[in-house]
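Peer 1: Output the structure for:
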Amino acid sequence: MQTQTDVLDSLLQALRLRTTIFHRGTFCGSWALDTSGSGRAAFHLVLGGSCWLRHVSAATPQQLLDGDLVLFPRDAPHLIASAPDFSVPVNQATSVPLDQQALEPGTALICGHFEFAQRGSNVLLDALPDVVVFRAPAAGVASWPRRILERIFEEARADQPARAVMIERLVDMLFIEAIRRYLATTPQATGLFAALADPQMRRALVAMHEDVARAWTVEDLAATAAMSRSAFASRFQAILGRTPVDYLTDWRMQLASDWLQQGATVLDVALRCGYQTEAAFHRAFKRHTGVTPGLVRRAGRSR
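Peer 2: Numbering: from 1, shown residues only. Predicted coordinates:
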């Protein structure tokens, strides 16, 4: 049977993460940068100097230092600026390339978007808050985040072929490491991470992820968790904010989107997701995502 780690592996793989970097440079003087509004998950990585973060979830600005990473899983409105009380229109914020930072002191930033292949709800991203700030590990600490940061720093300043692609892949790794750090250091009372920390809820989640095609009932899952049906359904709803059936449907649709984009037939995906007929799957998929399975499959094949 899968472990907690295997469940996270399957959730991360289903994201089909793709990083796009839209800024790589050093801001000097007084400046402010507003990159929200795209509808995509955004991130800002500080590679030198410091800056201030203002967003709707915090009453006061937060200072970001060298090596800090801030993630916006749902594109919450935010502003990155040179001072806690400073703001200018985004088109007045100018920067120089990172490889000129030695000549131009300031704040070095890499900013970008995380894009995900799945449509509709995502059980992993839904478990994250609107804004997550990951502080850089202390200098000299031998950790994956520090090594990734140093490698990004080297690539940003090197004049090597495929530099942009290399940085994007390294930021992919940084995102995955950030999720692992969040899970390890941030106790949760509710949500996916809280459920994975609950032995009985975890057994039910593991079972669903291990055998997604099974015709699971609430009674089956309650038995897997060694609980009564009513107690299991109540605790699942309280922790995850959705019913077991809704969670299973969300997970099936994530997998279905991924498989369709990889070229699997609609019938094959329907059967792999536990639907008896292609028509039943078609209705469920369109109701959940707003588009047809065929459209997702054609879009994946045209890439």
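Peer 1: what's the neighbour count on residue 24?
Peer 2: 22 (other C-beta atoms under 10 Å). (Each C-beta comes from the backbone N, C-alpha and C, glycine too.)
Peer 1: now residue 249: how far from residue 216?
Peer 2: Using C-beta to C-beta, to the nearest Å, we find residue 249 at a distance of 10 Å from residue 216.
Peer 1: Please apply the same query to residue 265.
Peer 2: Distance from residue 265 to residue 216, by C-beta to C-beta: 24 Å.
Peer 1: just checking, residue 251 touches residue 210?
Peer 2: No. With contact defined as C-beta atoms under 8 Å, residue 251 does not reach residue 210; the gap is 11.4 Å.
Peer 1: Comparing those two, which residue is more hemmed in?
Peer 2: Set side by side, residue 251 and residue 210 show more neighbours around residue 251, with 21 against 13, by other C-beta under 10 Å.
Peer 1: Within the helices and strands, which one has the more buried one?
Peer 2: If you go by DSSP states H and E, residue 251 is part of helix 244-261.
Peer 1: picking that back up, quick one: which of residue 265 and residue 216 has more around it?
Peer 2: Each of residue 265 and residue 216 has its neighbours counted (other C-beta under 10 Å); residue 216 has more, 18 against 14.
Peer 1: which stretches of the stretch 51-200 of the chain have low pLDDT?
Peer 2: 87-105, 117-123, 139-146 (pLDDT under 70).
Peer 1: could you show me where the helices are in it, in order?
Peer 2: Assigned by DSSP state H, counting those that start in this stretch, the helices in the stretch 51-200 of the chain fall at 144-157, 163-185, 192-197, 199-210.
Peer 1: For the first one, give me every contacting residue.
Peer 2: Which is helix 144-157. 24, 45, 47, 67, 98-99, 101, 108, 110, 134, 136-137, 139, 163, 166-167, 170-171, 173-174, 177-178, 181 (C-beta atoms under 8 Å, 6 or more residues apart in numbering).
Peer 1: What subset of those is buried?
Peer 2: 24, 45, 47, 67, 98, 101, 108, 110, 134, 136-137, 166-167, 170-171, 173-174, 177-178, 181 (16 or more other C-beta atoms under 10 Å).
Peer 1: now residue 17: how far from residue 169?
Peer 2: Here the criterion is C-beta to C-beta. By it, residue 17 lies 10 Å from residue 169.
Peer 1: Return the residues in contact with the spatially most central residue of the chain.
Peer 2: For the chain, the residue nearest the mean C-alpha position is residue 125 (5.0 Å; C-alpha atoms, centre = their mean). Applying C-beta under 8 Å, 6+ apart to residue 125 gives the contacts 15, 41, 73, 74, 116.
Peer 1: so which pair among the residues you listed is furthest apart in space?
Peer 2: Within those, two members stand farthest from each other by C-beta to C-beta: 15 and 74, at 14.1 Å.
Peer 1: of these two, who's got more company?
Peer 2: residue 15 (21 against 14).
Peer 1: Show the contacting residues for residue 76.
Peer 2: Counting by C-beta under 8 Å, 6+ apart, residue 76 makes contact with 36, 55, 56, 57, 130, 131.
Peer 1: Look up the closest residue to it, ignoring the ones flanking it.
Peer 2: With C-beta to C-beta, 6 or more residues apart in numbering as the measure, residue 130 is the residue that lies nearest to residue 76, at 4.2 Å, once sequence neighbours are left out.
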